[in-house]
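Chemist: dropping the sequence and predicted coords here.
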2 protein chains.
Amino acid sequence: MHEMLAELVGALPAGVVATEPELLEKYRRDRAADPNAGTPLAAVRAETTEQVQAAVRWAARHRVPVVARGAGTGLSGGATAVDGGIVLSLERMRSVHVDPVTRVAVAQPGALNVEVKAAAATHGLWYPPDPSSFEICSIGGNVATNAGGLCCVKYGVTTDYVLGLEVVLADGAAVRLGGARLKDVAGLSLTKLFVGSEGSLGIVTEATLRLLPAQPPTCTLVATFPTMAAATAAILAITAQLRPAMLELMDRTSINAVEDLFRMGLDRSAAALVVARTDAQHQSGADELRVMVEACEKAGATEVVATDDPDEGEAFVAARRAVITALEPLGTLLLEDVGVALPRLPELVAGVEAIAAARDVTIAMVAHAGDGNTHPLIVVDPTDAEMARRADLAFGEIMALALRLDGTITGEHGVGRLKLPWLSDQLGPDVLDLSWRVKNALDPLNILNPGAALPPSNTPQPRHYP
Amino acid sequence: MHEMLAELVGALPAGVVATEPELLEKYRRDRAADPNAGTPLAAVRAETTEQVQAAVRWAARHRVPVVARGAGTGLSGGATAVDGGIVLSLERMRSVHVDPVTRVAVAQPGALNVEVKAAAATHGLWYPPDPSSFEICSIGGNVATNAGGLCCVKYGVTTDYVLGLEVVLADGAAVRLGGARLKDVAGLSLTKLFVGSEGSLGIVTEATLRLLPAQPPTCTLVATFPTMAAATAAILAITAQLRPAMLELMDRTSINAVEDLFRMGLDRSAAALVVARTDAQHQSGADELRVMVEACEKAGATEVVATDDPDEGEAFVAARRAVITALEPLGTLLLEDVGVALPRLPELVAGVEAIAAARDVTIAMVAHAGDGNTHPLIVVDPTDAEMARRADLAFGEIMALALRLDGTITGEHGVGRLKLPWLSDQLGPDVLDLSWRVKNALDPLNILNPGAALPPSNTPQPRHYP
């Protein structure tokens, strides 16, 4: 093994390959903090595509698992290290170049989402996808998970903005797919296939991203409700009439956790809080705002506040984005990411409440309600083994509920490792078989993120080094 | 062979399988009118997914090529029949169901684009993708080619609206991919892989399409220019400042052909005509219109006319859409579909003019200029063999030019059969190899549209029956 590692170190510049145990510890887990994370042989902190290629070629030669990693903010364990594998960190590949005439950003995978937004903004342009973690998550991770966020209800998800990719394949070859062309149908849609593949088909080393003109000024509405059912009724009433630029939902637990953190004067007694936003311009924006206010009032809102002050509006949205952080002091979090078609949202929300009651666990609910994507967050006292057991049961029951409602087990976080046991139930055997045919065609040795994204199959397993 | 065909006829209800020569003739070619089109054994006019499955299972058993076909309006020969194969026509699977709360349309592949638009409109909703042929082309074909149109410059292409598919695979299994969920990242992005695959990976039997709120009222601008260079300068000046809802370009040949047909008073002496549109609302719309008018005037427009009258605006856009039809009386058309990143548009347009001069052929230019997608249309006198030879050379030279400008050989029509010889130059050997790995994984017998979409490889060839 020493000889094998020496070969890897020798193939790359000094400082790229880390093998020190204290350094490797940093690369074992993403934000999902998988307790079963392995310990990698090495972390390769690549600086160029060529270095990614060299590392993957070495891995293919020795059949060593390769786990690609961006900023490590993933919530499903998609960047969990594998015993005897390597972690291929893209954190050093961080450049962003904006072409304002073509209206694209060309970003390396380690660039943070916020850095792409900022680079676009200097040209009056906008990169819409906005995971709540946009200030700390990387574009590579966004592409790998097909990340969503708050704006998706109007502006779509990451894949809608990916025009081209450079990808290092499982044999170390680098290919360019698509490019800075809004329309290009030459060949199969391979660009889109790699988006959302969680590092299981190849490693993205560059992304060409479509940019939009700067978002128009926004108006933000905040409404409180006496029940979650009243809030979801308001949400359906809003989406039946218009397409807001944001439509978020928080329950009482989330409201109180955020209020503990920010002391911004949220109504702690409210059962639900809706944050909605319009960016329609001029008279249309006023019209949209009026429709949303009326929908909330008619659904029984106890208070409705609207503001076109950007700072005030941003404060409410920041509070919404901070829910996971605000809940972390309360215990270990099991993060759900279930989604349904919008008409089923009330059933999903009510069903999660019923599971929380039946399993006697706290489940905070925060949701990108406008597109039916919810994040029930199960709060677990880590010292209470019996609660942890009940929480695990609730975790599975919530995904089963989403599937009964014809929904998805993951709307934007990815399957990773934590949601893997439920994927087969969603896809069914034929789609799984199809998925494995694609996986085997592209990664015949199964060295790319083995054990994540796709459940086991009769595929060659990589060798594991102790 | 009789026995084999009898088995197919027996497996399907009466009237589904056609074998009469005069009927088969109708199914040999799409609008590309490939002179090398084969004669199929049979045309299967499936009425249900189960019938598609039965036909594909039969074809897999006997290794018979299967060419799927929608409305037959394709412009690249993607639905060209193969000798000894079958044509699987989806024309009878034509239902459209709109769910206004979820904001999706569930359409069978034979439904026309215009029928989906109409069904959406009854609920105040909008299906944006708008190939010029939207009144006669099918959704199945749109999905198969990842079709574009005039609105793409602002609203994107077909794949941006495909949330889910039902697909019959090469072994006859039917799978459901994605669904009525704006966000769903469970499993590989297989939905998107099938979009644009031109029937080479599977046969789409149902599509779940995202709908938008109805398009706001539009303002249409028409400007004439003394040179094509002045027109492309205006186009770049417009796109540098805003994102129009449409931005189209016609050259003198196109203007005159349309004027011959419609007699609508277009300036026959103009070298170029730009049709632009804004659907920004209220004051923003007026602002956008002003920016576009000024950009045209500054670039040297000889006349600029703007209208917010929907009928008048639609007349100009209808004229633009009719260019191919208007040119057909002039001769046989070789249709190009080359695209470049926007800054290269003037070079592409000038280069095409140079090729026309050097090869002494008429090349009409009509373009979705706002997204860099152009349709140089080579007009050939079918009785002049020498001209046909020069036109063939020009056809290849235009694609080579687009590739030199880092563009694409096809922006929205598909590779089909007519553009196949140039695909390798665009993709390169590594991407082709990757494509064939995917193709072989999904269609190991190579029965699905063999000889189209992907150039030959060392793959098993289907048996051909004479």
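Modeler: Perfect, I can see it now.

Chemist: surely residue A:240 and residue B:102 touch.
Modeler: No - Residue A:240 is beyond contact range of residue B:102, at 10.4 Å (criterion: C-beta atoms under 8 Å). Glycine gets a C-beta too; all of them are placed from N, C-alpha and C.

Chemist: and those two? which has more neighbours close in?
Modeler: With neighbours defined as other C-beta atoms under 10 Å in any protein chain shown, residue A:240 and residue B:102 compare such that residue B:102 has more, 23 against 16.

Chemist: ok, the more buried one touching residue A:340?
Modeler: No - using C-beta under 8 Å, residue B:102 is not in contact with residue A:340; the gap is 9.6 Å.

Chemist: low pLDDT regions in chain A?
Modeler: For chain A, the stretches flagged by pLDDT under 70 are A:1, A:458-466.

Chemist: break it down into its domains, please.
Modeler: The record's domain parsing of chain A by automatic domain parsing lists A:96-213, A:216-326.

Chemist: single out the most deeply packed of these.
Modeler: The highest mean neighbour count among these, using mean count of other C-beta atoms under 10 Å in any protein chain shown, belongs to domain A:96-213: a mean of 24.

Chemist: first-to-last residue distance for it?
Modeler: 18 Å (C-alpha to C-alpha, to the nearest Å).

Chemist: same question for stretch A:133-153.
Modeler: Start-to-end span of stretch A:133-153 (C-alpha to C-alpha) is 17 Å.

Chemist: again with stretch A:440-453
Modeler: Counting by C-alpha to C-alpha, you get 14 Å between the two ends of stretch A:440-453.

Chemist: how near is residue A:231 to chain B?
Modeler: Distance of residue A:231 to chain B, given as C-beta to the nearest C-beta, to the nearest Å: 17 Å.

Chemist: ok, that residue - contacts?
Modeler: Neighbouring residues of residue A:231 by C-beta atoms under 8 Å, 6 or more residues apart in numbering or on different chains: A:223, A:225, A:249, A:271-274, A:299, A:369.

Chemist: angles on the backbone of the residue nearest to the spatial centre of chain A, please.
Modeler: The residue lying closest to the centre of chain A (C-alpha atoms, centre = their mean) is residue A:413, at 3.4 Å. With angles defined as degrees, to the nearest 10, residue A:413 sits at phi -90, psi -30.

Chemist: ok, it to chain B distance?
Modeler: Counting by C-beta to the nearest C-beta, the gap from residue A:413 to chain B is 7 Å.

Chemist: tell me how far that residue lies from residue A:36.
Modeler: Relative to residue A:36, residue A:413 is positioned 18 Å away (C-beta to C-beta, to the nearest Å).

Chemist: what of residue A:90?
Modeler: To residue A:36, residue A:90 is 24 Å away according to C-beta to C-beta.

Chemist: who has more neighbours out of the two?
Modeler: With neighbours defined as other C-beta under 10 Å, residue A:90 and residue A:36 compare such that residue A:90 has more, 28 against 11.

Chemist: so the nearest residue to residue A:343 once chain neighbours are set aside: helix, strand or coil?
Modeler: Using C-beta to C-beta, 6 or more residues apart in numbering or on different chains and skipping the chain neighbours, the partner closest in space to residue A:343 is residue B:101 (4.7 Å). Using DSSP: H, G, I helix; E, B strand; the rest coil, the structure places residue B:101 in coil.

Chemist: list the contacts for residue B:101?
Modeler: Contacts of residue B:101 by C-beta under 8 Å, 6+ apart are A:236, A:239-240, A:342-343.

Chemist: do that again at 10 Å, thanks
Modeler: A:236, A:239-240, A:341-344, B:123 (C-beta atoms under 10 Å, 6 or more residues apart in numbering or on different chains).

Chemist: ok, residue A:414 next?
Modeler: With contact set as C-beta under 10 Å, 6+ apart, residue A:414 has these partners: A:32, A:74-79, A:141, A:144-147, A:196-199, A:337, A:452-453, B:185-186.

Chemist: closest to residue A:447 out of the contacts of residue A:231?
Modeler: Nearest to residue A:447 out of the contacts of residue A:231 is residue A:369 (C-beta to C-beta; 39.7 Å).

Chemist: number of nearby residues for the closest one?
Modeler: A count of nearby residues for residue A:369, using other C-beta under 10 Å, gives 29.

Chemist: can you classify the closest residue to it other than its chain neighbours as helix, strand or coil?
Modeler: Using C-beta to C-beta, 6+ apart and skipping residues adjacent in sequence, the residue nearest residue A:369 is residue A:249, 3.9 Å away. At residue A:249 the chain is in strand, as set by three-state DSSP.

Chemist: which parts of the stretch 251-400 of chain A sit against chain B?
Modeler: With C-beta under 10 Å from any C-beta of the partner chain as the criterion, the stretch 251-400 of chain A meets chain B at residues A:280-287, A:337-344, A:368, A:370-373, A:399.

Chemist: and with 6 Å instead?
Modeler: With the criterion set to C-beta under 6 Å from any C-beta of the partner chain, the stretch 251-400 of chain A comes near chain B through A:281-284, A:339, A:341-343, A:371, A:373.

Chemist: so which of these sit within strands?
Modeler: In this view, those that belong to strands under DSSP state E are residue A:373.
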